[in-house]
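>>> Generate coordinates for the sequence data below:
(one chain, ligands or ions: 1)
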Amino acid sequence: MSAGHALTRAISARFAEALTARPPDPPIDVACARVQHAAYVAALAALGVTVVTLPAGDEPDGCFVEDGAVVAGGVALITRPGAASRRAETHALAEALAPHAELRHMAAPATLEGGDCLRVGRRLFVGRSARSNDAGIARLGEVFGPLGYRVVAIALPARVLHLKCVCSPLGDGRVLVAEGALPGGAFEDVPLVTIPAAEAYAANCLARAGHALMADGYPRARAQVEAAGLTVTALATSELRKADGALTCLSVVID
Ligand code: GLY
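Purely as a prediction, here's the structure:
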């Protein structure tokens, strides 16, 4: 894998057991999740990204590969997820990334999940969350600081699982963010595109070269992204959302 490549992982047969803040009702439909995942992979490929999909493992949350690695500057920091049940997921990811990036690791008590990391140019914004702690954030700085990245921590409100649950990079130096979701000034001088709080889920989009993959069913958020000049492809995300997942969670993109 090199620039313009992405890693994804197929949906586990145990996806219905994925971690969730509250039990989904109706329960997760694994077959439907697989259809949605396939559409995501196809949409990513249509953006010109070469997608490598790892086979599903036993881990229920294994498709959410974003949480297992932070990749920048030719280095992949293999994380130590804050959710103990998710730590085994990183093995397959490390194996897949090893031929393509210099691997770094983190040790207890550090925890970090990639969903808390958002890169804009040479800045790595990181959510301090229930999943990513100060030692994990310090490790991020230790690994990427010498490569020219500055780590900026953002304290997340308790109700926010990951930083990118409420924002995401638009790929052009701007950040898409749900209104009122984060403390003012969290992104320093980075220009923001704001969407209504009522459509916060759609703040997690995967943007690349003027295109954005967005969750379907959020018309006001979509209109804002289109007004910001991006072309939108809307994707069904019902089963991901039931598993507290979103679009960026499904890939590690190597730029
Ligand atoms: N199910 C995604 C997570 O909680 O980590």
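>>> Would you map the helices across the stretch 101-250 of the chain?
134-144, 219-227, 238-242 (DSSP state H, counting those that start in this stretch).
>>> which one of those has the most crowded surroundings?
Neighbour counts (mean count of other C-beta atoms under 10 Å) averaged over each of the helices of the stretch 101-250 of the chain peak at helix 238-242, with a mean of 21. All C-beta spots, glycine's among them, are computed from the backbone N, C-alpha and C.
>>> That one close to the ligand?
No - using C-beta under 6 Å from any ligand atom, helix 238-242 stays clear of the ligand, coming no nearer than 9.0 Å.
>>> Quick check: residues of the protein near the ligand?
Contact residues, the chain versus the ligand (C-beta under 6 Å from any ligand atom): A18, L19, D61, F64, A83, R86, A243, D244, G245.
>>> Which entries within these meet the buried criterion?
A18, D61, F64, R86, A243, D244, G245 (16 or more other C-beta atoms under 10 Å).
>>> Looks like the fourth one contacts D67 (just checking).
Yes - using C-beta atoms under 8 Å as the test, R86 is close enough to D67 to be in contact (6.7 Å).
>>> secondary structure class for V70?
strand (DSSP: H, G, I helix; E, B strand; the rest coil).
>>> how close does it get to D116?
Remark: distance between V70 and D116 (C-beta to C-beta, to the nearest Å) = 9 Å.
>>> Now do the contacts for the closest residue to L54 other than its chain neighbours.
Excluding its sequence neighbours, the residue lying closest to L54 (C-beta to C-beta, 6 or more residues apart in numbering) is R9, at 4.3 Å. By C-beta atoms under 8 Å, 6 or more residues apart in numbering, R9 lies in contact with T53, L54, P55, A56, G57, G62, C63, V65, A92, L93.
>>> again, only using 7 Å
T53, L54, A56, G62, C63, V65 (C-beta atoms under 7 Å, 6 or more residues apart in numbering).
>>> For the residues you listed, pick the one with the most neighbours.
C63 (29 neighbours; other C-beta atoms under 10 Å).
>>> Contacts only, for L163.
G115, D116, L118, F125, V126, G127, I154, L156.
>>> The ligand: which of these is nearest?
G115 (7.5 Å; C-beta to the nearest ligand atom).
>>> Run through the strands of the stretch 151-255 of the chain in chain order.
Taking DSSP state E, counting those that start in this stretch as the test, the strands found in the stretch 151-255 of the chain are 167-169, 175-178, 192-195, 206-208, 211-215, 231-235, 252-254.
>>> looking at those strands, which is closest to Y149?
Smallest distance to Y149 across the strands of the stretch 151-255 of the chain (C-beta to C-beta): 13.7 Å, for strand 167-169.
>>> hmm, who's touching that closest one?
118-120, 175-178, 181-182, 203-205, 207, 248.
>>> next one: stretch 64-75
In contact with stretch 64-75 (C-beta under 7 Å, 6+ apart) are residues 7-9, 76-79, 81, 86, 89-90, 93, 97, 101-102, 104, 113-115, 117, 119, 140, 143-144, 147, 149, 245, 248-252, 254.
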